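1. return a 3D structure for these sequence lines:
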Amino acid sequence: MGIDDLLTVRTTLQKLTGARSFLRQDVLRIDDDGEETVLCGADVEVAFINHGGAKRFPDDLRVKLGDNVAE
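-> Now for the predicted structure:
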């Protein structure tokens, strides 16, 4: 692994609820032969908040994200 390796961050929407989304993020290196090597990963929870409390996802964003939830 070198300083000039090409890295990809892949984000997958796992679940979408009223005010939160649950994501999986993986950092991958693409090897010379095209193989992907996962270097690290994280499960991420994102929430909309307003004045310290949860706020529902905007409907237009929910529609755009809703079709992309991983099975």
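
2. wait, what's in contact with residue 55?
-> 19, 48, 49 (CB atoms under 8 Å, 6 or more residues apart in numbering). In this view, the C-beta of every residue, glycine as well, is placed from N, C-alpha and C.

3. those residues into TSV, with extra columns for distance to residue 32?
-> Below are the contacts of residue 55 laid out as TSV (distance: CB to CB, whole Å):
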residue	distance to residue 32
19	43
48	42
49	44
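
4. which one of those residues is nearest to residue 25?
-> residue 48 (18.6 Å; CB to CB).

5. quick check: chain neighbours aside, which residue is closest to the closest one?
-> residue 55 (4.4 Å; CB to CB, 6 or more residues apart in numbering).

6. any idea how far the one you found is from residue 61?
-> Relative to residue 61, residue 55 is positioned 12 Å away (CB to CB, to the nearest Å).

7. swap in residue 41?
-> Going from residue 41 to residue 61 by CB to CB gives 24 Å.

8. residue 13 too?
-> Taken as CB to CB, the span from residue 13 to residue 61 is 11 Å.

9. more crowded one of the two?
-> residue 13 (16 against 12; other CB atoms under 10 Å).

10. list the contacts of the more buried one.
-> So residue 13 contacts 21, 22, 23, 65, 68, 69, 70 (CB under 8 Å, 6+ apart).

11. so which residue is smack in the middle of this protein?
-> residue 11 (3.1 Å; CA atoms, centre = their mean).

12. now name the helix or strand holding the closest residue in space to residue 45 that isn't next to it in sequence.
-> Among residues not flanking residue 45 along the chain, residue 22 sits closest, at 5.6 Å (CB to CB, 6+ apart). According to DSSP states H and E, residue 22 maps onto strand 20-30.

13. please save the CA atoms from that strand in CSV.
-> Coordinates of each C-alpha in strand 20-30 appear next as CSV, following Å, rounded to 0.1, in the frame of the first residue of the first chain:
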residue,chain,number,x,y,z
ARG,A,20,-32.6,8.6,11.5
SER,A,21,-30.7,6.7,8.8
PHE,A,22,-28.3,3.9,9.4
LEU,A,23,-25.4,3.6,7.0
ARG,A,24,-22.5,1.2,6.3
GLN,A,25,-19.3,2.8,5.1
ASP,A,26,-16.3,0.9,3.8
VAL,A,27,-13.0,2.2,2.7
LEU,A,28,-11.6,0.1,-0.2
ARG,A,29,-8.4,0.0,-2.1
ILE,A,30,-8.7,-1.1,-5.8
